[in-house]
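Asks: just the structure for this:
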Amino acid sequence: MEGEKPKTEKEMEIELLRKISDTMSAINSAKRVDDIVCALHSLAVLIFPVDTHFLSGVISERYKDKLFNVEIPSVQERRNQWQVFYQGTAFPALSRLLLYDVASDWLSCFPLSARKLVYDVFFANGLTSEVVLAVIPCLEHSGGDGHDANAVRSNAERLLELCLLENDGVSKMAREFSAYHVSKDFNSALLKPDLLRVAQLVASIPDKTRLKAPKSLSSHLFFKEITIQLLTAAEGENKEICDKSVISHRMEGDGTILFIAELFARICRRGSADLLISEVITRILRCLRSFLLPKRESLSKDAFMSEPSFRFWFMIMELIVDQYAVERMADQILRQLACEHASDAEAYWSLWILFHRLLEHQSSMRFLFVEKFVLWKVFPFCCLRWILQFSVLERPPDAVMLTKGEKNSRLLDTVQHLVEVWAKQEFVQSAPIEQQAYITAALGLLLEKMSREELESTKDVMRSILEGVSCRLQYPSDLVRRMASSIALAFSIVIDPKNPLYLDDNCTSEVIDWEFGLVTPKEGTLPTMNGTTKGMDNMASLMTAEQVKELDHTVGNEAGSKGKVKSKKLFQFKLVDPDEIVDPATFNDDPVSEEEQDDNASEDSETSTDPSLQPYDLSDDDSDLKGRFTQLVDVVGALRKSDDPDGVERALDVAENLVRASADELQHVAPDLVRTLVQVRCSDAALQGEEESAEEKRQKALVALLVTCPFESLDSVNKLIYSPHVDVSQRIMILDVMTNAAQELANTKTVNQKYQLRPLISSAAETQPWFFPSNKGPHGAGSWKEISDKETPLNWSYRYERELPSKPGQIKKGKTRRWSRRPMNMLASEMETSLNKFPLYAAAFMLPAMHGFDKKRHGVDLLGRDFIVLGKLIHMLGVCMKCTALHPEASALAPHLLDMLSSREICHHKEAYVRRSVLFAASSILMALHPSYVVSALIEGNQEIARGLEWIRTWALHVAESDIDRDCYTLAMACLQLHAEMALQASRALESTETTSQAKSIGIPPNMSKGTIKIPGSNSSFLS
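Replies: Numbering: from 1, shown residues only. Got it, this is the predicted structure:
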């Protein structure tokens, strides 16, 4: 009406709420689905442009008048009511009714067109951020309020697929937050919590959906789709940033950019950083190439800063506050650039566009690139060049580079830090070979940018380089020696360019191959090499499986074809078979004359038609040569051949079974086999992905050796624990093997038959003839009856049978034979059972391992750097004590272990892992000692046990009161409980001993009063 005053927002909201209340009442009292459709239609036409004619064909005739009698507002009124509906409290009130009551009871009865026009329209055409806040919680509905949980969750998944994926809802949300930014009521502090909440809910959708949900809501497809939508919204936002002056203003409060940045971080947190960065790098490279292509000259940073298409990317990384997400994105950006085969210039400018502001203002970002990406991780070689170019040299690759002698403090600091790590002996011994090659390449690339004056100005760099080169030249691996020779050559060129130092015969050029001739796979890891072979053997070891398969396929095709004369060579080298029979005449370098060629050709033509001269198929020879090993000596020999990974793998497959067969040669071969198994590298022998299986086989073989041949094997194992020739992982593996072997020996059960004397001559008092069977048998057995043989008239032997009663539960159906090593009728009284074979070998397990634990040797520092090995050692000793529980051997070994545990370096170690191991070992001692032994030790005046037990009590109390580690507190309380139980049992045994002594008038020695046993939690103490 023209004369009416426009309604205020408050009035419109009250009117909408009244209409929603009427709609809810109509839905609650509805008897037919048409009532629901009409009620929703009367509300929908107030907010959306609904075509009523489409509904008239899907409802009954008597409801059509109700449809067409609804008053339809104007376009402007509908727009105003839409804003009031979604920005107020009206939509949350209605959405709960639609998502729970209607979806559970009525939605399955809706006609398809009616569902689309009067139900889906409230979500598909609404404010997407409000829709997300209402719909996503329905994914976790459990149905406890009487609603159908499956119907509610499936409807929520359908709506999310419709709103977010089919209708590009994520892009709409980004634009909605941008609209908030430009509105007059905008408040950044109020917007950000809602924005973060929406981003969190959207990223959690794949985790909340059911197993039967649409595939488009799966993690991979969903994140890929919303990434595309976000980047589309980002491109649209980039066009709206007009000039450089508004960047800082829009950075802090622009809703679109904040929403995109938050969702980027959430996607990375959900493990889909690769999907995100794949789309991001594709768009950045497209913009870069279109920008760089017409400009052949070197570009400056100002040219990129003034380019409008890059301004969004300048801001986006700065707004991501999640450092983990930034690290994951940087990692994937480098790898994706390598996959896209980006040039050095494209890679540099891509990193500069995304990270140059962070690198300038945040020290954590510089630490990420210079420290983590160079020293901790391993990237492809091209990524390493880009990292150093961007974060250390800070110059584009096509610009005028640093001249030697030009000051660059970051270059000098980085080189000094790299050299300190590279020169350490521990780094050469313990670091993986691919990481050594990676850091060596980084150091070499930076050395090439330095001058002699810069090297001399750095502290101890020259000395450290010489130390690192010298320790690598003594290493048996050819690859490690090549690293040393390459650094030495680069170092010598910096010192004196006219006199380069060549330590490797294969290196004759000043251009150094920092990839060391190895092809880096996409994952960024170099293949591990242990061999020392050179020349052709080294080249053959670098062949990939695909190349070998291609070579075999080509050779097979050449052998089967008859019409071809020659084929092209696939490789420039030929693999030499060491077992091949070579004709010495083939080494003659003189050319063959044409006449001899003609004669040979004629002979070939005459004999080629003879079918008996066709070549044999020798394709199965390899399977004959690769037979299974049957001797332990062959297993040892195969394990020592590091250049034959197939032989090592086959030897590991059979090692355990051969050892457990307990051959006569085992005790002679055991020491060598133990050393070889410990030193073999399973990661080199096993296929990719099967390293754990090979490691498990190696450990099972070692456990079998310690169980079947303990003394000989333990002699070698105890020497290897403190040997400087094994690394930390090998020491941990040895201790795990010893633990498993001790437990297996403790659980070993041996059954032997008792020797019983039987009379050789029958007694005359027996009531039945000697040739009758014995009457022994189960209760209810019948008497023996003689059976005559019907086949022959003469019986040369007698046959007897009798009836036996059925056993309880026996089924008389068919026949069953039971095979066993002992007779079925052997009684339990006729068997001797012995358990726990470990105490016999306990001293051999424990005493050598405890000897010298506090000595710092070359490569061994248990009290300092190798605290994990120390904790494993103490845990192994505790397990050994548990395996000797209540055995006299425990009484002999407990004082030695208590002396080790009570040393200050052990019980007060700064690492909680070591303290937990000490508490476990102390508890094992309390469980292993028999109370009667404690009493006898006190009576005899043995002060070691008394002092040791008192130390356990006081130290456990100290740990329970002051240790900040929760696990240490729990273990200390358990240890105190065990000590109290042991003290109680010992006191009872002591009382019985005193009673017996008084009865026999035997006095207790006076030195017994020196020992005390205290029970924690009580004021009583038992004096001895």
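
Asks: okay, CA-based contacts and neighbour counts for the rest of this
Replies: Fine.

Asks: longest helix in this protein, by residue count?
Replies: helix 966-999 (DSSP state H).

Asks: list the buried residues in it.
Replies: In terms of neighbour count (16 or more other Cα atoms under 10 Å), helix 966-999 has its buried residues at 968-969, 971-987, 989-990, 993.

Asks: again with stretch 437-451
Replies: Quick answer for stretch 437-451 (16+ other Cα under 10 Å): 437-447, 449-451.

Asks: check stretch 16-30 too.
Replies: Buried residues in stretch 16-30, counted by 16+ other Cα under 10 Å: Leu16, Leu17, Lys19, Ile20, Thr23, Met24, Ala26, Ile27.

Asks: could you give the mean pLDDT of that stretch?
Replies: Averaged across stretch 16-30, the pLDDT comes to 87.

Asks: do you know how far Thr52 is from Glu140?
Replies: As judged by Cα to Cα, to the nearest Å, Thr52 and Glu140 stand 35 Å apart.

Asks: which of these two has more residues huddled nearby?
Replies: When Thr52 is set against Glu140 and neighbours are counted by other Cα atoms under 10 Å, the residue ahead is Thr52, at 17 against 14.

Asks: now for the closest residue to Phe123 other than its chain neighbours, how many residues are close by?
Replies: Using Cα to Cα, 6 or more residues apart in numbering and skipping the chain neighbours, the partner closest in space to Phe123 is Val131 (6.0 Å). If you count neighbours by other Cα under 10 Å, Val131 ends up with 24.

Asks: burial count for the residue lying closest to Leu98 once chain neighbours are set aside?
Replies: Sequence neighbours aside, Tyr119 is the residue nearest to Leu98 in space, at 7.7 Å (criterion: Cα to Cα, 6+ apart). By other Cα under 10 Å, 22 other residues sit near Tyr119.

Asks: is it true that Tyr119 touches Ala39?
Replies: No - using Cα atoms under 8 Å, Tyr119 is not in contact with Ala39; the gap is 10.7 Å.

Asks: where does Thr630 fall, helix, sheet strand or coil?
Replies: Reduced to three states with DSSP: H, G, I helix; E, B strand; the rest coil, the structure at Thr630 is coil.

Asks: give the contact list for it.
Replies: Counting by Cα atoms under 8 Å, 6 or more residues apart in numbering, Thr630 makes contact with Leu658.

Asks: phi first, then psi, for it.
Replies: Here is the backbone geometry of Thr630 (degrees, to the nearest 10): phi -120, psi -10.

Asks: against Met900, how distant is it?
Replies: According to Cα to Cα, Thr630 stands 44 Å off from Met900.

Asks: same check on Leu418?
Replies: Applying Cα to Cα to Leu418 and Met900 gives a distance of 39 Å.

Asks: which residues in the stretch 701-850 of the chain form strands?
Replies: Under the criterion DSSP state E, counting those that start in this stretch, the stretch 701-850 of the chain contains strands at 749-753, 785-787, 799-801, 831-835.

Asks: let me see the mean pLDDT of the last one.
Replies: Per-residue pLDDT over strand 831-835 has a mean of 60.

Asks: what do you get for stretch 894-912?
Replies: 88.

Asks: and what of stretch 643-650?
Replies: In this model, stretch 643-650 carries a mean pLDDT of 82.

Asks: what about Asp194, neighbour count?
Replies: By other Cα under 10 Å, 15 other residues sit near Asp194.

Asks: pLDDT score for it?
Replies: So Asp194 comes in at 80 (pLDDT).

Asks: what's the following helix or strand after the helix or strand harbouring it?
Replies: Take DSSP states H and E as the rule and Asp194 turns out to sit in helix 188-203. Per DSSP H and E, helix 188-203 leads on to helix 205-208 as the next helix or strand towards the C-terminus.

Asks: could you point out the helix or strand that follows that following helix?
Replies: Counting by DSSP H and E, the element after helix 205-208 in chain order, helix or strand, is helix 219-240.

Asks: please work out the average pLDDT along stretch 278-292.
Replies: 89.

Asks: list the buried residues for that stretch?
Replies: For stretch 278-292, the neighbour count (16+ other Cα under 10 Å) marks Ser278, Val280, Ile281, Ile284, Leu285, Leu288 as buried.

Asks: how about residues contacting the helix or strand the fifth one falls within?
Replies: Counting by DSSP H and E, the secondary-structure element that holds Leu285 is helix 273-292. Helix 273-292 is contacted by residues 220, 223-224, 227-228, 231, 264, 267-268, 309, 328-329, 332-333, 336-337, 346, 349-350 when judged by Cα under 8 Å, 6+ apart.

Asks: tell me the angle that helix makes with helix 219-240.
Replies: 30 degrees (axes from the mean of the first three to the mean of the last three Cα atoms, to 10 degrees).

Asks: just the CA coordinates for helix 273-292, please, in PDB.
Replies: What follows is helix 273-292, C-alpha atoms only, in PDB (Å, rounded to 0.1, in the frame of the first residue of the first chain):
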ATOM      1  CA  ALA A 273      47.500 -30.100   2.400                       C
ATOM      2  CA  ASP A 274      48.500 -31.900  -0.800                       C
ATOM      3  CA  LEU A 275      45.100 -31.300  -2.400                       C
ATOM      4  CA  LEU A 276      45.100 -27.700  -1.300                       C
ATOM      5  CA  ILE A 277      48.600 -26.900  -2.500                       C
ATOM      6  CA  SER A 278      48.100 -28.700  -5.800                       C
ATOM      7  CA  GLU A 279      45.300 -26.200  -6.700                       C
ATOM      8  CA  VAL A 280      47.200 -23.200  -5.300                       C
ATOM      9  CA  ILE A 281      50.400 -23.800  -7.100                       C
ATOM     10  CA  THR A 282      48.500 -24.500 -10.400                       C
ATOM     11  CA  ARG A 283      47.000 -21.000 -10.200                       C
ATOM     12  CA  ILE A 284      50.100 -19.200  -9.000                       C
ATOM     13  CA  LEU A 285      52.200 -20.800 -11.800                       C
ATOM     14  CA  ARG A 286      49.600 -19.800 -14.300                       C
ATOM     15  CA  CYS A 287      49.700 -16.200 -13.200                       C
ATOM     16  CA  LEU A 288      53.500 -16.200 -13.000                       C
ATOM     17  CA  ARG A 289      54.100 -17.600 -16.500                       C
ATOM     18  CA  SER A 290      51.700 -15.100 -18.000                       C
ATOM     19  CA  PHE A 291      53.500 -12.400 -16.200                       C
ATOM     20  CA  LEU A 292      57.100 -13.500 -16.900                       C
END
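
Asks: state the next helix or strand along the chain beyond that helix.
Replies: Toward the C-terminus, helix 273-292 is succeeded by helix 301-305 as the next helix or strand (DSSP H and E).

Asks: next structured bit after that following helix?
Replies: With elements assigned by DSSP H and E, the helix or strand that comes after helix 301-305 is helix 311-319.

Asks: quick one: that following helix to helix 273-292, angle?
Replies: Orientation of helix 311-319 against helix 273-292 (the same axes, to 10 degrees) gives an angle of 140 degrees.

Asks: what sits up against the next helix or strand after helix 311-319?
Replies: Sequence order places helix 323-339 as the next helix or strand after helix 311-319, per DSSP H and E. Contacting residues not belonging to helix 323-339 are listed as 264-266, 268-269, 273-274, 277-278, 281, 317, 320, 347, 368, 379-380, 382-383, 522-523 [Cα under 8 Å, 6+ apart].
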